[in-house]
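task: produce atomic coordinates for the following.
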Amino acid sequence: MALMRPLLKTSIRPNCYSRAAKVSSSPLASVRHKSGPYGYTQAKSLVFSEYGEPKDVLKLHTHSISPDLPASSLLLRTLAASINPADVNTIQGTYGVKPTFSPLIGTTAPSVIPGNEGVFEVLSSASPASPSTSSSPSAANIQKGDWVIPAKTGFGTWRTHALAPASTVLKIEKDGLRPLQAATVAVNPCSAYRMLRAYASPPLREGDWVLQNGANSGVGRAAIQLAALWGYRTINVVRARATPEATAALRDELVSLGATHVVTEEEFLARGFGEQVREWIRKDGGGSGGGEGVRLGLNCVGGKSAQAVAKNLGQGATMVTYGGMARQPVALPTGLLIFKDIRFVGFWLSRWADGDAVEKARTVNEILGLMREGKFKDVPVEPVEWNWETEEGALRQAVQGTLEGYRSGKGVFVFGDT
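Below is the predicted model of the structure:
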């Protein structure tokens, strides 16, 4: 999967004008860092040229973008860009798909710009592609000032500016939205939407039950909200916090989002939990099909937690695995396959998002519509400020920090004076 396109070769150059980026006593030099000589745009990108821990291999590279844009291309300024686990795994070299290393932005060694999710403002446009020749359903009529998000994964969003073909982005209506909302819509909410809508057979109906671990994750929170909007009931498993009070606060927070029940991992794995699930279903009903038990399980943990999800599913249910935070295999009792006819499948967002641009655009727009209406709450975030003077070490540590213990929110680069 190429993260940098051949289009960039003629218009993005290494920092031949590095002196223009330095603050001096001259008023003109200190007005705007990103304006280089002859109209070139000064840009900075986080890159890596070898696999490893983010703190060890990420570098901040400065380069210039020519004002002469290739046909059907856009000059973009990044407003916000998310830090997702898949991005970190890509840097570590452990992700399922390896990126293509390229020298096209003038790095000393062939490199990759990480980041799959973000929102950009269009600074200038050169003859947007027509709908008949573009794989992106919103590539036509993109104008200066519009907001766009990547149409496919592997775009490389951790940079202040980008030059990209119009066909590689989706235009979104920015009215009523904040950059943080647009920057976090394409991964977690779309994953939850797709798994809830496409994997149960027959499809879930109002009153049906869903069981998920990792319920406090971005996908988990999105699944809670979408399920509540569509009339599904949810059982949500979370890790206990440091104190009972903190655990209770998390439980209350997820219930406020629409969760039906919230339990800790310890409660979930305890003997007798299956009877508790059956009691909830007897009390609240088993969906429009009646008495079917839990019809869909969502697993992002693996190990014993995944086993417990599977054991608590009803006859003919489906379990979808989309992550493995525990780094333990999913080992399943044979009886669940033979006697309960449970389906076990995997979900990979990139396969869907890169294979069906029209459906991705429709899903994104539906979720953004719910945000505008106040029906879908943002995921908690930890903003990471990125200005022109932000140092490389601060950005590296922000990425590395995503691997460390409990976090109050999803890391998001928020771009200011760039």
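
outside of stretch 343-358 itself, list whatever touches it.
96-97, 135-137, 151-154, 170, 186-187, 190-191, 194-195, 199, 201, 310, 316-322, 330, 332, 337, 359-360 (C-beta atoms under 8 Å, 6 or more residues apart in numbering). C-beta here means a position set from N, CA and C on the backbone, and glycine is covered the same way.

again, but for stretch 322-337
85, 191, 195, 214, 219, 298-307, 310-311, 313, 321, 342, 344, 346-349.

let's see it at 7 Å
By C-beta atoms under 7 Å, 6 or more residues apart in numbering, the residues outside stretch 322-337 that reach it are 191, 195, 214, 219, 298, 300-303, 305-307, 310, 321, 342, 344, 347.

please apply the same query to stretch 193-207.
The contact list for stretch 193-207, computed with C-beta under 7 Å, 6+ apart, reads 223, 226-227, 231-233, 285, 287-289, 295-296, 298, 318, 320, 322, 345, 347, 352, 363, 367.

could I have the buried ones of these as ChimeraX selection syntax?
The buried residues among the contacts of stretch 193-207 can be selected in ChimeraX (16 or more other C-beta atoms under 10 Å) with this line:
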select :223,226,227,232,233,287,295,296,298,318,320,322,347,352,363,367
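
helices of this protein, start to end?
With DSSP state H, the ranges of helices along the chain come out as 54-57, 85-92, 179-183, 188-198, 218-229, 244-257, 265-269, 273-284, 303-311, 334-338, 349-355, 357-372, 392-400.

okay, the ones you listed in JSON lines with mean pLDDT and distance to residue 410 next?
Output for those, formatted as JSON lines (pLDDT from 0 to 100; distance: least, C-beta to C-beta, whole Å):
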{"stretch": "helix 54-57", "mean pLDDT": "97", "distance to residue 410": "16"}
{"stretch": "helix 85-92", "mean pLDDT": "94", "distance to residue 410": "10"}
{"stretch": "helix 179-183", "mean pLDDT": "97", "distance to residue 410": "10"}
{"stretch": "helix 188-198", "mean pLDDT": "97", "distance to residue 410": "8"}
{"stretch": "helix 218-229", "mean pLDDT": "98", "distance to residue 410": "6"}
{"stretch": "helix 244-257", "mean pLDDT": "97", "distance to residue 410": "15"}
{"stretch": "helix 265-269", "mean pLDDT": "97", "distance to residue 410": "21"}
{"stretch": "helix 273-284", "mean pLDDT": "94", "distance to residue 410": "29"}
{"stretch": "helix 303-311", "mean pLDDT": "96", "distance to residue 410": "21"}
{"stretch": "helix 334-338", "mean pLDDT": "86", "distance to residue 410": "33"}
{"stretch": "helix 349-355", "mean pLDDT": "92", "distance to residue 410": "15"}
{"stretch": "helix 357-372", "mean pLDDT": "96", "distance to residue 410": "15"}
{"stretch": "helix 392-400", "mean pLDDT": "95", "distance to residue 410": "12"}
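
now render the ones you listed as TSV, adding distance to residue 210.
What follows is these, written out as TSV (distance: least, C-beta to C-beta, whole Å):
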stretch	distance to residue 210
helix 54-57	33
helix 85-92	22
helix 179-183	24
helix 188-198	7
helix 218-229	6
helix 244-257	13
helix 265-269	14
helix 273-284	12
helix 303-311	10
helix 334-338	17
helix 349-355	18
helix 357-372	18
helix 392-400	32
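
wait, which of the ones you listed is closest to residue 106?
Nearest to residue 106 among these is helix 392-400 (16.7 Å), distances taken as C-beta to C-beta.

quick check: angle from the closest one to helix 85-92?
120 degrees (axes from the mean of the first three to the mean of the last three C-alpha atoms, to 10 degrees).

list the contacts for residue 186?
Applying C-beta under 7 Å, 6+ apart, the residues near residue 186 are 117, 149, 364.

neighbours around the closest residue to the last one other than its chain neighbours, how many?
So the one you mean is residue 364. Excluding the flanking residues, the one nearest residue 364 by C-beta to C-beta, 6 or more residues apart in numbering is residue 185, at 5.6 Å. Neighbour count for residue 185, taken as other C-beta atoms under 10 Å: 27.

distance check, residue 120 against residue 174.
11 Å (C-beta to C-beta, to the nearest Å).

please identify every residue contacting each of these two.
Common neighbours of residue 120 and residue 174 (criterion: C-beta under 7 Å, 6+ apart): residue 147.

more neighbours: these two, which one.
Neighbour count, other C-beta under 10 Å: between residue 120 and residue 174, residue 120 has more, with 29 against 18.

do I have it right that that one meets residue 77?
Yes. Residue 120 lies in contact with residue 77 (C-beta atoms under 7 Å); the separation is 6.3 Å.

which stretches of the protein have low pLDDT?
Residues of the chain meeting the criterion pLDDT under 70: 1-37, 127-140, 286-291, 405-406.

now with 80?
Scanning the chain for pLDDT under 80 picks out 1-38, 127-140, 285-292, 325-326, 403-408.

what is residue 410 paired to in the beta sheet?
On the basis of DSSP bridges, residue 410 is bridged to residue 381.

any idea how far the residue nearest to residue 364 lies from residue 370?
Counting by C-beta to C-beta, the gap between residue 185 and residue 370 amounts to 10 Å.

what's the answer for residue 186, then?
Counting by C-beta to C-beta, the gap from residue 186 to residue 370 is 14 Å.

nearest spatial neighbour of the residue most central in space within the chain, chain-adjacent residues omitted?
The residue lying closest to the centre of the chain (C-alpha atoms, centre = their mean) is residue 187, at 3.0 Å. Once flanking residues are discounted, residue 187 sits nearest to residue 117: 5.0 Å by C-beta to C-beta, 6+ apart.

contacts only, for that neighbour.
Residues counted as contacts of residue 117 (C-beta under 7 Å, 6+ apart) are 81-82, 84, 157, 183-184, 186-187.

tell me the one of the residues you listed nearest residue 393?
residue 81 (18.2 Å).

how close does residue 285 sit to residue 201?
Distance, residue 285 to residue 201, using C-beta to C-beta: 21 Å.

any idea how many residues pack against residue 196?
24.

now residue 154: phi and psi?
The phi and psi torsions at residue 154 (degrees, to the nearest 10) take the values phi 80, psi 20.

that one and residue 373: what is the separation?
As for residue 154, its distance to residue 373 is 31 Å (criterion: C-beta to C-beta).
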